[in-house]
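[1] The following comprises the amino acid sequence and a computationally predicted model.
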Amino acid sequence: MYRFVKNTTIVGVAAALAFGAPIAQACNLGPEEHGQGIVKPVEPGPEHTSGEAEIVMHSGQFTEVTEIAAVELEEIDGVSVTTADVYAHKDHAYLGTHRGARSNEGVRVFDMSDPHNPEEVAVFANDIPGTWQEKVIVKSVDTPHFTGDLAVVSLQKYNQDETEQSGTAIYDVTNPERPMQLGYYELPVDVLTGTHELYLTTQEDRAILLLANIYADYYTEGDYHDFTVVDVSDPANPEHLYNWDPRELVEAEDFDGMNYTDEDGAERTAFAHSVITDKKGEYAYISYWDLGTIIMDIRNPDQPEVVGHTTFERDVQGAAHSAALAHDDTILIETREVFEPDPDDPEFERGWGYTRIYDISDKSNPELISDIRSDNSMEQIKEGERERGTYTVHDPKVEGDKLYLSHYSDGIRLVDISNPHKPREVASYVPSAANVWGVFIYGDYILGSDMGSGLKVLDVNWGTAPGGPPTYTTPRDRMTTSLTGIQPMIFSALTFSR
């Protein structure tokens, strides 16, 4: 993520928006795209000479990973599609689409009744030109106004000349092959980005929508903030409930709604990037970039309260991107999407973004207990010697003691977190020219979304390591080398009392 100087005069918007290459912060639509900076292209992932997926099992592990399907998205009107996030509900998978070729590609729906042969059966939210639909969440809800399967879709602008609309589109997908739009929550026109990521949860007979409206505070000069809570119990009539002002936590005088200088003199950026809740819909976890992961009590969604948040040391670039929960919601997984492996700030650590694990038994005081790094994210690679590609971690998903990480050019990483103080990778999956955006757990299968090549379906047979988990004696003990020689993950265990 790049730092930006606010410029109230938007110059060169058309030129910036017409620039067709992907941008360095591939997940973010930053202010530089509206004439406030330089658009930097993402380098493609590394080409594997085999032309096939590279599946790695580390020594001493019985875990097996098999790619059983790989399906590219169908083009509409001859325009190529760039895949964004993946979600699954019941027997269908939902793929969002990235801004890619600057075409409104919508959400693609796949029939997953045969995981070996996914079939694209529908597309929706592709009728608002000038927008892209990265994120979709689908839940079964039962309210006085609606009973069925509800899909919420993020709408972001990529062309201000084509649309003023951004926010969230709401669909009935009870029949996923015939989606029907029910409602729309619209952001202020001044917000030149839109809803970046979102989440849908339920509280008894209410359906609650939580929005991360990236840079909204910056663009509206504080009149409308990034994180919003909306009641969608009546999907046709969304009800705005709450909008959180980050100034509750950002005390810096120079805070302009996005940029500020922290108490240690580091230049920081604060914006709502994504949000999840626990299973009961009682607490929200808002990934607020350099401000950390905000833990918010939403049991009363009309008046949420911040109860705690993670923080970053002076040398850490921040960039809280996404979150997941484990161990009965006592463990927080925080992924950090860092696109600047060689930062200008000499006090910042070098390397791509990696994952941090916190004990949140006390939500008011998250305790950092370990982190997870790949070789390609590490500092040891000298300037000018980095591998081609983008090696930051992206999204986490958890099931039981298993953690799955999408990692762009590092594919999908499978991590055993039965002991979250000592996580260990057991396998990885790296497709050809990998650029893996999302990962999702679908029954006995794992779904991945690759920006360039679409939907991936993996069959994972989890195993155990002989002799139990490895013993760590130093903060950065390396895992055993992989069977094929590909760079394994590195785990950094912090000093702790238990």
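    Done, it's in.

[2] Helix or strand next in line after the host helix or strand of Ser428, which one?
    Secondary structure from DSSP states H and E places Ser428 in strand 424-430. Counting by DSSP H and E, the next helix or strand C-terminal to strand 424-430 is strand 436-442.

[3] for the chain, which strand is longest?
    strand 147-157 (DSSP state E).

[4] how about that one: buried residues?
    Judged by neighbour count (16 or more other Cβ atoms under 10 Å), strand 147-157 contains these buried residues: 149-157. Just so you know, the C-beta spots here come from the backbone N, C-alpha and C atoms, and that holds for glycine as well.

[5] Check stretch 387-400 too.
    For stretch 387-400, the buried set under the neighbour-count rule, 16+ other Cβ under 10 Å, comprises 389-398.

[6] With stretch 414-423 instead?
    Buried residues in stretch 414-423 (16+ other Cβ under 10 Å): 414-417, 420, 422-423.

[7] Send over that stretch as PDB, restricted to the C-alpha atoms.
    Extracted C-alpha coordinates of stretch 414-423, given in PDB (Å, rounded to 0.1, in the frame of the first residue of the first chain):
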ATOM      1  CA  LEU A 414      -2.000 -25.100   4.500                       C
ATOM      2  CA  VAL A 415      -1.100 -24.600   8.100                       C
ATOM      3  CA  ASP A 416      -1.700 -26.700  11.200                       C
ATOM      4  CA  ILE A 417      -2.700 -24.300  14.100                       C
ATOM      5  CA  SER A 418      -3.500 -27.000  16.700                       C
ATOM      6  CA  ASN A 419      -0.900 -25.200  18.800                       C
ATOM      7  CA  PRO A 420      -1.300 -21.500  17.600                       C
ATOM      8  CA  HIS A 421       1.900 -20.600  19.500                       C
ATOM      9  CA  LYS A 422       3.700 -23.000  17.100                       C
ATOM     10  CA  PRO A 423       2.000 -23.100  13.800                       C
END
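
[8] ok, back up a step: report the strands that pair with the strand holding Ser428, each with its relative direction.
    Take DSSP bridges as the rule and strand 424-430 pairs in its sheet with strand 54-57 (antiparallel), strand 412-416 (antiparallel).

[9] looking at those, which has the lowest confidence?
    Here these differ in mean pLDDT, and the lowest is strand 54-57 at a mean of 65.

[10] Going by contacts, tell me the helices and strands next to the very next helix or strand once past that strand.
    The helix or strand immediately downstream of strand 54-57 is strand 64-71, counting by DSSP H and E. Applying 3 or more Cβ pairs under 8 Å, 6 or more residues apart in numbering; DSSP states H and E, one finds that strand 64-71 contacts strand 54-57, strand 424-430, strand 454-461.

[11] who wins for proximity to Glu349 among those?
    Smallest distance to Glu349 across the helices and strands packed on strand 64-71 (Cβ to Cβ): 20.8 Å, for strand 424-430.

[12] I'd like the helices and strands packed on strand 64-71 as TSV, with mean neighbour count and distance to Phe227 appended.
    Formatted as TSV, the helices and strands packed on strand 64-71 follow (neighbours: other Cβ atoms under 10 Å; distance: least, Cβ to Cβ, whole Å):
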stretch	mean neighbour count	distance to Phe227
strand 54-57	20	38
strand 424-430	24	33
strand 454-461	20	30
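
[13] Okay, now the unreliable bits of the stretch 151-300 of the chain?
    Across the stretch 151-300 of the chain, not a single residue meets the criterion (pLDDT under 70).

[14] Validate this expectation: Asn104 resides in a helix.
    No - with DSSP: H, G, I helix; E, B strand; the rest coil as the criterion, Asn104 is assigned coil and is not in a helix.

[15] tell me, how many neighbours does it end up with?
    Neighbour count for Asn104, taken as other Cβ atoms under 10 Å: 22.

[16] Can you name the residues that contact it?
    Going by Cβ atoms under 8 Å, 6 or more residues apart in numbering, Asn104 touches 126-133.

[17] if you average pLDDT over the helix or strand where Trp132 lies, what comes out?
    Applying DSSP H and E as the criterion places Trp132 in strand 131-132. In this model, strand 131-132 carries a mean pLDDT of 92.

[18] Tell me which strands it pairs with, and in which orientation.
    Strand 131-132 pairs in its sheet with strand 147-157 (antiparallel), by DSSP bridges.

[19] just to revisit the earlier point, can you tell me the average pLDDT over the helix or strand that the strand holding Trp132 is followed by?
    Following strand 131-132 in sequence order, the next helix or strand is strand 136-142 (DSSP H and E). Mean pLDDT, strand 136-142: 98.

[20] Can you list the buried residues in strand 136-142?
    By 16+ other Cβ under 10 Å, the buried positions in strand 136-142 come out as 136-138, 141.

[21] Ser80 and Gly454: what is the separation?
    Distance, Ser80 to Gly454, using Cβ to Cβ, to the nearest Å: 11 Å.

[22] picking up where we left off before, filter the contacts of Asn104 to the buried ones?
    The neighbour count (16+ other Cβ under 10 Å) marks 126, 128, 130-133 as buried among the contacts of Asn104.

[23] I'd assumed Val415 was in contact with Val426.
    Yes - Val426 is within contact range of Val415, at 7.1 Å (criterion: Cβ atoms under 8 Å).

[24] picking that back up, now the buried residues of strand 136-142 as JSON lines including distance to Val109?
    Converted to JSON lines, the buried residues of strand 136-142 look like this (distance: Cβ to Cβ, whole Å):
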{"residue": "Val136", "distance to Val109": "9"}
{"residue": "Ile137", "distance to Val109": "14"}
{"residue": "Val138", "distance to Val109": "10"}
{"residue": "Val141", "distance to Val109": "18"}
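
[25] Pick out whichever of those residues sits closest to Ser449.
    Distance to Ser449 across these (Cβ to Cβ) is lowest for Val136, with 11.2 Å.

[26] That'll do, ta.
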